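Enquirer: Next comes the sequence, and after it the predicted model I'd like to discuss.
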Amino acid sequence: MTDPERHDRPRHFIQEVIDKDIAAGLNEGRVHTRFPPEPNGHLHIGHAKSICLNFGIATEFGGLCNLRFDDTNPEKENIDYETSIIEDVRWLGFDWGNRLFHASDYFPRLYEIARQLIASGHAYVDSQSADAIRAQRGTLTEPGTDSPYRNRPAEESLELFQRMRDGEFADGSHVLRARIDMGSPNINMRDPVLYRIRRHHHHRTGDTWPIYPMYDFTHALSDALEGITHSICTLEFEDHRPLYDWCVTHCEVPSRPHQYEFARLELTYTLTSKRKLLALVESGQVSGWDDPRMPTLKGMRRRGYPPAALRLFAERIGVTKKNAVIDFELLENSVREVLDHDTPRRMAVMAPLKLIVDNYPEDTEEWLPAANHPKRPELGEREVPFSRELYIEQDDFMPDPPKKFHRLGPGRVVRLRYGYIVTCTGFDTDADGQVIAVHCTYDPATRGGEAPEGVKVKGTIHWVSARHAHEAEARLYERLFVEVAPGSVENPADAINPDSLATSKIFVEPALLEAEPEAVFQFERTGYFCADRNDHTANTPIFNRTATLRDSWAKLNAGA
Ligand code: ATP
Ligand code: MG
């Protein structure tokens, strides 16, 4: 799990802050972070950045990281999202020990703290409508206006707050506000609302609470109650930091955490807004949250992205305070890099063309050893069947190839990977002149693909034995959007790539029938493919294309 290169990389500003805090003896040298998702959607690649950062910091500094659900909006939250988030953080490779918390666990405590704020003159019940409060907020250039209830006596506010809690009032009839400064240049400090009345069933606390605390108040106090030392969030909360500080200073809490902001992850061709992703799911543009084209952890998992690739990606993009859009290729390259290392190789033919080995006996078959990984003998080998009739890729043959084409054409010699060296002797066409079969002869002395002394065979192609091959479905995924910034398109559904999913019937070698759902393979010369987590079975094998082999193709086109 720990990355050996980690300490060779330049340190980011949060690591530097923590280095200094530790050197200064702050928090008795403790480092405690948290990842605080709201259970109102599934996690996406942006959250992965935050998870890797928070859990990574804890690991690096010998500290702790909590998983805390920020569940203060009962209308939008539910237990299924919670279950899914827990599964995804674990899948990504992180462990919160016994520190799974919920902001809702603190509702009784927060209520008491709010009462203390009222008693000490730092909060009051405002009985105006939401519209009136909004109208008094002022603007960036104009100060706000005091509410007529701002100087309500504490006893009166306490009594009203109690009655709000007891469910005596309708939604929206009163709120609890902090008494800070209506003239503050920072709008967040103009007597922000701390509690609102909302009679809505909560997935954990049921109907116990007709009032719910607001995000800023809840978040700061949850951090303080858990002894968080470094509360790391995204840049849009920078303007909320004074309120965060105000809360942990004016409330009676056991610790004083600090908030640090970093730039959120944005990726080309990718949406990272839960709301917009939900719209795609609800309108049926994708098959669900786990559609392999989705940038959700569930989608990427089903696509075959290994969690280590997401961690590597998070490490590579770093942590800064400057917003930037990251190239999607960086993510794909991390996926390829991790997969290349230990993914077993297999042979599968995507667009079959029959290759007949005319001098190979019709009633014979051989099972030839094939390495599972060209560079890692320790990953073992399996056997692939060879027989007289094989399938090769249509584009590995040309009736009249140019000189540089190192694959099959009349008179050309090629290596069948792990098989034999063959010489093309001709081809058959149908009435329309389409090539329907290619003929060749093999050299029995080249078993395994060894070229005889002094003979150089430039091209190697993959194949499967026709009579042993199994049909499978390949789901060929491309990026979901044609727009580089789908988040800035009025309706992202209009920017969907119509070719983002193509399915095709392919032929696979027998060893692939043993694939368990979620197993990833490199189909030689074609790409990485993952047995579909939901739909793959031994009887109906279904493989999702995880990534193409961009680099190998580049080499191939250069004349391999
Ligand atoms: P919402 O608009 O629903 O609040 P959110 O994406 O902020 O959406 P949260 O569940 O609040 O959802 O996010 C949990 C944590 O993940 C937060 O600390 C948030 O800052 C972080 N996070 C969310 N999106 C990104 C992103 N694109 N890059 C980095 N961190 C992110
Ligand atoms: Mg949020």
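Expert: Thanks, I have the structure now. Ligands and ions are numbered 1, 2, ... in the order given.

Enquirer: okay, CA-based contacts and neighbour counts for the rest of this
Expert: Will do.

Enquirer: what's the residue nearest to L271 when sequence neighbours are not counted in contact with, if anything?
Expert: Using Cα to Cα, 6 or more residues apart in numbering and skipping residues adjacent in sequence, the residue nearest L271 is G487, 5.5 Å away. The neighbourhood of G487, defined by Cα atoms under 8 Å, 6 or more residues apart in numbering, consists of T270, L271, T272, S273.

Enquirer: tell me, which of the residues you listed make contact with ligand 1?
Expert: By Cα under 6 Å from any ligand atom, the members of those lying near ligand 1 are T272.

Enquirer: Show me what from the stretch 251-400 of the chain comes close to ligand 1.
Expert: R264, L265, E266, T272, K274.

Enquirer: Same question for the stretch 401-550 of the chain.
Expert: Taking Cα under 6 Å from any ligand atom, no part of the stretch 401-550 of the chain reaches ligand 1.

Enquirer: any idea how far T234 is from the residue in the stretch 401-550 of the chain that ligand 1 sits nearest to?
Expert: When distances are taken as Cα to the nearest ligand atom, the stretch 401-550 of the chain reaches nearest to ligand 1 at G487, 11.6 Å away. Plainly put, G487 is 17 Å away from T234 if you go by Cα to Cα, to the nearest Å.

Enquirer: Check which helices and strands the helix or strand encompassing I18 sits against.
Expert: Counting by DSSP states H and E, the element that carries I18 is helix 13-23. Identification of packing neighbours for helix 13-23 by 3 or more Cα pairs under 8 Å, 6 or more residues apart in numbering; DSSP states H and E yields no helix or strand.

Enquirer: for the stretch 401-550 of the chain, which spans come out with low pLDDT?
Expert: Applying pLDDT under 70 to the stretch 401-550 of the chain picks out no residues at all.

Enquirer: just the helices in it please.
Expert: Applying DSSP state H, counting those that start in this stretch to the stretch 401-550 of the chain gives helices spanning 550-557.

Enquirer: tell me which of the contacts of G487 is nearest to N188?
Expert: For those, the minimum distance to N188 (Cα to Cα) is 23.1 Å, reached by S273.

Enquirer: Just the buried positions in the helix holding I18, please.
Expert: Judged by neighbour count (16 or more other Cα atoms under 10 Å), helix 13-23 contains these buried residues: I14, I18, D21, I22.

Enquirer: How about stretch 338-354?
Expert: Neighbour counts over stretch 338-354 (16+ other Cα under 10 Å) mark 338-340, 342-350, 352-354 as buried.

Enquirer: And for that stretch, what's in contact with it?
Expert: Applying Cα under 8 Å, 6+ apart, the contact partners of stretch 338-354 are 306, 308-309, 371-373, 376, 379, 389-394, 436-438, 462-464, 466, 504-509, 511-512, 520-524, 528.

Enquirer: re the thing from before, what mean pLDDT does the helix holding I18 get?
Expert: Helix 13-23 shows a mean pLDDT of 96 in the predicted model.

Enquirer: Please apply the same query to stretch 351-359.
Expert: 98.

Enquirer: can you pull the alpha-carbon coordinates of it into CSV?
Expert: Once non-C-alpha atoms are left out, stretch 351-359 reads as follows in CSV (Å, rounded to 0.1, in the frame of the first residue of the first chain):
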residue,chain,number,x,y,z
ALA,A,351,-12.6,-9.4,-35.9
PRO,A,352,-12.0,-13.0,-37.1
LEU,A,353,-10.6,-14.2,-40.4
LYS,A,354,-9.9,-17.9,-40.9
LEU,A,355,-6.3,-19.0,-41.4
ILE,A,356,-6.0,-22.6,-42.7
VAL,A,357,-2.7,-24.3,-42.1
ASP,A,358,-2.8,-26.6,-45.1
ASN,A,359,0.1,-28.9,-44.2
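
Enquirer: Show me how far that stretch is from its chain's centre.
Expert: The offset between the C-alpha centroid of stretch 351-359 and the centroid of the whole chain comes to 41 Å, using Cα atoms, centre = their mean, to the nearest Å.

Enquirer: Out of the buried residues of helix 13-23, which is nearest to ligand 1?
Expert: The nearest member of these to ligand 1, counting by Cα to the nearest ligand atom, is I14 at 14.1 Å.

Enquirer: Contact partners for that closest one?
Expert: With contact taken as Cα under 8 Å, 6+ apart, I14 is in contact with Y260, V319.

Enquirer: Now do the contacts for L390.
Expert: Taking Cα under 8 Å, 6+ apart as the contact definition, L390 lies against K354, L355, I356, V357, W463, V464, S465, A466, R467.

Enquirer: The second one touches E389, doesn't it?
Expert: Yes - applying Cα atoms under 8 Å, one finds L355 in contact with E389, separated by 5.9 Å.

Enquirer: Compare neighbour counts for these two and give me the winner.
Expert: Relative neighbour count places L355 above the other of L355 and E389, with 25 against 21, counting by other Cα atoms under 10 Å.
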